[in-house]
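Undergrad: generate a structure from the sequence data that follows.
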Amino acid sequence: MSDVELTVTVVDDDASVLKAVARLLRSAGLNVATYDAPDRFLKAYNPGQAGCLVLDLTMPGLSGLELQRELGEKGAAPPIIFLSGTGDIPDTVKAMKHGAVDFLTKPVDETALLAAVRAALEQERTASRKRGELAGLYARLESLTPREREVFEHVVSGQLNKQIASDLGTVEKTVKVHRARVMEKMGAESLADLVRMSQRLGIGGGRNT
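TA: Predicted coordinates:
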C-alpha cells in the first residue's frame, strides 16, 4: 500500500493551523483531508479509509482525547498524532497509553510532524496487511468441511492421528486423509505453520494476542 492510497486527516479548530499543516503534508506528496470540528469529522468518517489522523488536543465539543476514545470504542481508530498548544504531560500519557503514535507541541516542527506522519502511515500499512492476511486465513478456514475443521482443531492441540481417530470415532487412515486436506486448504507447509495459523485464528492452541 503506497502513500497515494492513504489519507492523512487533520482535525483542528484553528483555521491557520489547519491550513499550514495541510499545506505541509500536501507538499510532501500526501493525500490530505481537513475538518475544523470533531463532529464534522465523525459525520464524514469512513472506517474503511486507510490512513492516519492528526488531531488537535483541545477543541470545542469533543476533545482530541475524547475523539480518540470514541473511535477506539468503535474499533475503528487509525494511528493518531496529537497536536497540543500546552504539551500537558498527563494528557500526553493518556494519549500514548491509548495508542497514539506521537504527541507534538505547537508550533509544530515541520520535520518532526512529517516524521510522525510517515511513522503513522507505516503503522497503518502494517496493520492493513495483517488485516488482509487474517481475512485470508478466515476464508481458508471457511473452506474446510465440518469434519476437516474438527481434525484441524485436534491436530493443532497436539494430538496424534491415533488419538484423533479415537476421539472422532473413526480410523487413523481417514484422519490422515482429512489432515492432508486441511494442510492443503489452509496452505500450511508444516505442522508448525498450521499451529501459527490456528493461534492467529484463536483455534485449538488459544488466541495469540
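
Undergrad: got the contact list for the residue lying closest to residue 36 once chain neighbours are set aside?
TA: Distances taken as C-beta to C-beta, 6 or more residues apart in numbering put residue 13 closest to residue 36, at 5.5 Å, once the chain neighbours are dropped. Glycine gets a C-beta too; all of them are placed from N, C-alpha and C. Residues near residue 13 by C-beta atoms under 8 Å, 6 or more residues apart in numbering: 36, 37, 56, 59, 60.

Undergrad: centre-most residue in the chain?
TA: What sits nearest the mean C-alpha location of the chain, by C-alpha atoms, centre = their mean, is residue 127, with 3.9 Å.

Undergrad: before we move on, back to that, just the buried residues from the contacts of residue 13, in PyMOL please.
TA: Selection of the buried residues among the contacts of residue 13 in PyMOL, burial being defined by 16 or more other C-beta atoms under 10 Å:
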select buried, resi 36+56+59
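
Undergrad: for the residue nearest to residue 36, what are phi and psi?
TA: Torsion angles at residue 13 (phi, psi; degrees, to the nearest 10) stand at phi -80, psi -10.

Undergrad: can you say which helix or strand has the residue nearest to the centre of the chain in it?
TA: Using DSSP states H and E, residue 127 sits in helix 110-142.

Undergrad: circling back to that earlier point, the closest residue to the residue nearest to the centre of the chain other than its chain neighbours and residue 128, how far apart?
TA: What sits nearest to residue 127 in space, not counting adjacent residues and going by C-beta to C-beta, 6+ apart, is residue 79, at 7.9 Å. Noted for residue 79: a distance of 11 Å to residue 128, by C-beta to C-beta, to the nearest Å.

Undergrad: between those two, which one's more packed in?
TA: A count of neighbours by other C-beta atoms under 10 Å puts residue 79 above the other of residue 79 and residue 128, at 21 against 16.
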